[in-house]
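>>> Quick one, fold the following:
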Amino acid sequence: MIKIDLITGFLGSGKTTFIKKYAAHFLRKGQRIGILENDFGAVNVDRMLLQELQGENCDIETIAGACDADCHKRRFKTKLIAMAMVGYDRVIVEPSGIYDTDEFFDTLREDPIERWYEMGTVLTIVDSGLDLSLSEGSKYLLASQLANAGAVILSRTQLYPESTVSQTTEFIKSLSSKLCSRDITNCILCRPWDEMTDSDLDALSQKGCFRNDHVKHLLPDRSFQSLYFMHNTFTSASLKNFIHTLFTDPSCGKVYRIKGYFQENSLWYECNADHTSLNITPAPTGQDILVIIGESLNPDYVRGLCPLKLPQGTPSLDPASL
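Numbering: from 1, shown residues only. Below you'll find the predicted structure:
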């Protein structure tokens, strides 16, 4: 049977960065890997962020989230069936940061999926500098991810003071205890990722999952949204100014994550931003797109901050469908 892993975590936690390291570990062992990207919105940027892994022993597949819950579940199941035909040793699923993990487990119990896949591990990534002012809806989403994790991995520990990492740790422990009735103290891994060895990654791949009840919270329509700009003419300076405004101007709504690509002086750059950091790095290739993900966003106001027009019909999505 094919091992299947779920790498989850709230928006901007560092899931894609971790998967680069995690999947490369299995490739070094000579295994054949399939990565299934389940992004929020109609445009999947994370697939491009993982393109360096793609090769003879690694394929990357995607599911766009711009559909209702039933449609998305059908797409997920259909994709898993198709991937089972390929003969992977392991499939790694990276869902959106606002994914309901119950969909994953429900699908694994369906025929014929249950005959072809066996549960590997569930890893939840948490930013060490997590924004502790999460809305109630966001807290429930994060708690649902903590409820199932075989291990909780803190990201970017080297970037924050010990006091900040400690505050984040206590926050997620309290959240898990309150909403999942689970003590995750012994499941938390807090160390710089550069120090992880192949033995560490092997151990993580065997952590399994913890099936636990958690409080469900129905989010209102238009709670989470994905806005995107395409065919833009950003420079690094104008992009930095735009992103700073998005995170600091409350009229924009609550922005959690910004990601994408832009071209300057005929060179491609990758952009990744959250409430604490903005990283612009050279990329071998790209696509003119910037994706903004947040809660209770104000699309008209955001559009007015930039001279570019958003595509017609920019979706406002129900996170339960992701």
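
>>> Kindly list the main-chain dihedrals of the nearest residue to Val165 once chain neighbours are set aside?
Sequence neighbours aside, Ser128 is the residue nearest to Val165 in space, at 4.7 Å (criterion: Cβ to Cβ, 6 or more residues apart in numbering). For the C-beta atoms, the positions are set from N, CA and C on the backbone; glycine is no exception. Backbone torsions of Ser128, given as degrees, to the nearest 10, read phi -60, psi -20.

>>> repeat for Gly14
Here is the backbone geometry of Gly14 (degrees, to the nearest 10): phi 110, psi 20.

>>> The closest residue to it other than its chain neighbours: what's it in contact with?
Among residues not flanking Gly14 along the chain, Ser155 sits closest, at 3.6 Å (Cβ to Cβ, 6+ apart). Counting by Cβ atoms under 8 Å, 6 or more residues apart in numbering, Ser155 makes contact with 9, 13-14, 17-18, 125-128, 193.

>>> quick one: Ser155 and Val165, what's the gap?
For Ser155, the distance to Val165 equals 10 Å [Cβ to Cβ, to the nearest Å].

>>> Check the contact lists of those two and give me the overlap.
Jointly contacting Ser155 and Val165 under the rule Cβ under 8 Å, 6+ apart are Ser128.

>>> Now His244: closest residue in space, sequence neighbours ignored.
Nearest residue to His244, sequence neighbours excluded (Cβ to Cβ, 6+ apart): Leu278, at 8.0 Å.

>>> got a list of what Lys207 touches?
Lys207 neighbours (Cβ under 8 Å, 6+ apart): 121-123, 150-151, 187.

>>> for those residues, which one is nearest Leu132?
Nearest to Leu132, judged by Cβ to Cβ, of these is Cys187 at 19.8 Å.

>>> Pull out the buried positions in stretch 199-212.
By neighbour count with 16 or more other Cβ atoms under 10 Å, stretch 199-212 contains the buried residues 201, 204-205, 207, 209-210.

>>> how does the protein divide into domains?
As recorded under automatic domain parsing, the domains making up the chain are 2-205, 224-321.

>>> Between these, which has the poorest mean confidence score?
Ranked by mean pLDDT, these bottom out at domain 224-321, with a mean of 81.

>>> ok, back up a step: including neighbour count, secondary structure and distance to Arg74, could the contacts of Ser155 go into JSON lines?
As requested, those are arranged in JSON lines below (neighbours: other Cβ atoms under 10 Å; DSSP: H, G, I helix; E, B strand; the rest coil; distance: Cβ to Cβ, whole Å):
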{"residue": "Gly9", "neighbour count": "27", "secondary structure": "strand", "distance to Arg74": "25"}
{"residue": "Ser13", "neighbour count": "27", "secondary structure": "coil", "distance to Arg74": "27"}
{"residue": "Gly14", "neighbour count": "19", "secondary structure": "coil", "distance to Arg74": "30"}
{"residue": "Thr17", "neighbour count": "16", "secondary structure": "helix", "distance to Arg74": "30"}
{"residue": "Phe18", "neighbour count": "21", "secondary structure": "helix", "distance to Arg74": "28"}
{"residue": "Ile125", "neighbour count": "26", "secondary structure": "strand", "distance to Arg74": "27"}
{"residue": "Val126", "neighbour count": "25", "secondary structure": "strand", "distance to Arg74": "30"}
{"residue": "Asp127", "neighbour count": "23", "secondary structure": "strand", "distance to Arg74": "32"}
{"residue": "Ser128", "neighbour count": "23", "secondary structure": "coil", "distance to Arg74": "37"}
{"residue": "Trp193", "neighbour count": "19", "secondary structure": "helix", "distance to Arg74": "35"}
